[in-house]
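K.L.:
Fold the following and give me the result.
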Amino acid sequence: MSLSFCAIDFETANRHRGSPCAVGLVKVVDGEVVDTRRYLMRPPEGCDEFEPFNIRIHGITPAMVRGEPRFAQRLPEILAFADGLPLVAHNAAFDMGVIRAASFVSDLLCPEASYACTLVFSRATWSLLSYSLPWVAEAAGVVLDHHHDPEADARATALILLAIAEHHGATTLEGIAQATRAHLGSMSANGWSGNHRTWSGGRGDVPATNPDASPDHPFYGREIVFTGALDSMTRAMAWDRVIEVGGRPAPGVTKHTNVLVIGYQDAYQLRPGEQLSAKARKARDLRELGQQIEVMPEVDFVQLLAP
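P.N.:
The predicted structure follows:
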């Protein structure tokens, strides 16, 4: 197999894309993992406040990065490790958005790179209840320990891409893209182009609420429902963000629902003996009848709003 790339996973200090506090890197050459790295860093000045929501996700605190180089000093190390190889991430829109935003606030030119997204590829490879990294790792037969440790997530991403390549009989990123009807992404100081699939139907079943939004956004033209309390924003803010990217928020799960976002589930609000809310139970029942509803945790919803 001639598949060579660098898997990358960022963790951020707050909801600003330009606030990386850690990165995991895994280099794959000719289908084999040959090296790994994990770097802590201070986010760029002005974007370096740590929010409780992010700390709860990855466990990285301000004290842990105190004395570490800022992103501007880490970026050359990251690029040197990647050594010109294509970058691969799970939800690459988020991780490439981190590089672009952190470069901007650091007064750096965005580096030039091609990239691919295992989230995009996995949706064309397996039919899953959720395409969150742990679910995709399980489908690919990959062991994921310590989810949201950037090195562990980058390693899982690398192995997932190799499993996707084997599934489709592909030996290059271009071969995987062709098999999954996807375009590879690229970024540079002059702009960027996302890694997305060529849709042949299904996205237009629900009209977009913002016709000026990008049709390439994963929520464009899709009906989004929320259950449970959100930690990162209010429900009204979440609805506004969905509308902004061209999706359609809805109050309840119906035959038109495409995505169910699950926030904190208060046990006292559930029926006795139940672990799922009424919306989650209905989504499960509709899936059993053949409806394609994707379920995702709040953290994946927040990251998918990028860029």
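
K.L.:
Regarding Thr209, which helix or strand does it belong to?
P.N.:
In the assignment (DSSP states H and E), Thr209 maps to no helix and no strand.

K.L.:
hang on, isn't it packed against Asp240?
P.N.:
No. Between Thr209 and Asp240 there is no contact under CB atoms under 8 Å: 10.3 Å. C-beta here means a position set from N, CA and C on the backbone, and glycine is covered the same way.

K.L.:
Who has more neighbours out of these two?
P.N.:
Set Thr209 next to Asp240 and count neighbours by other CB atoms under 10 Å: Thr209 wins out with 18 against 12.

K.L.:
Next, count neighbours for the closest residue to that one other than its chain neighbours.
P.N.:
Counting by CB to CB, 6 or more residues apart in numbering, Ile243 is the residue found nearest to Thr209 once chain neighbours are left out, at 4.6 Å. Ile243 has 17 neighbours, counted by other CB under 10 Å.

K.L.:
mind listing what's buried in whatever helix or strand Ile243 lives in?
P.N.:
Element membership of Ile243, judged by DSSP H and E, is helix 235-244. Residues of helix 235-244 classed as buried by neighbour count (16 or more other CB atoms under 10 Å): Ala238, Trp239, Arg241, Val242, Ile243.

K.L.:
just stretch 169-176 next, same as before
P.N.:
Within stretch 169-176, judged by 16+ other CB under 10 Å, the buried ones are Ala170, Leu173, Ile176.

K.L.:
residue contacts, the residue most central in space within the chain?
P.N.:
The centre of the chain sits closest to Asn91, judged by CA atoms, centre = their mean, with a distance of 2.7 Å. For Asn91, the contacting residues are Cys117, Leu119, Asp300, Gln303, Leu304, Ala306, by CB atoms under 8 Å, 6 or more residues apart in numbering.

K.L.:
now that we have those residues, which one has the most neighbours?
P.N.:
Cys117 (28 neighbours).

K.L.:
ok, that one to Ser132 distance?
P.N.:
14 Å (CB to CB, to the nearest Å).

K.L.:
related to what we said a few turns ago, just the ones of the contacts of Asn91 in helices?
P.N.:
Here DSSP state H is the test, and the contacts of Asn91 give Leu119, Asp300, Gln303, Leu304 as lying in helices.

K.L.:
okay, those in TSV with pLDDT and distance to Pro20 next?
P.N.:
Shown next, in TSV, are the ones in helices among the contacts of Asn91 (pLDDT from 0 to 100; distance: CB to CB, whole Å):
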residue	pLDDT	distance to Pro20
Leu119	92	19
Asp300	88	18
Gln303	86	13
Leu304	86	18
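
K.L.:
In the host helix or strand of Thr157, which residues are buried?
P.N.:
Per DSSP H and E: Thr157 is located in helix 150-168. For helix 150-168, a neighbour-count test (16+ other CB under 10 Å) marks 150-165, 167-168 as buried.

K.L.:
ok, which stretches of the stretch 201-307 of the chain are helices?
P.N.:
Assigned by DSSP state H, counting those that start in this stretch, the helices in the stretch 201-307 of the chain fall at 235-244, 278-288, 298-304.

K.L.:
So which other helices or strands are in contact with the first one?
P.N.:
Applying 3 or more CB pairs under 8 Å, 6 or more residues apart in numbering; DSSP states H and E, we find helix 235-244 packed against strand 223-227, strand 248-250.
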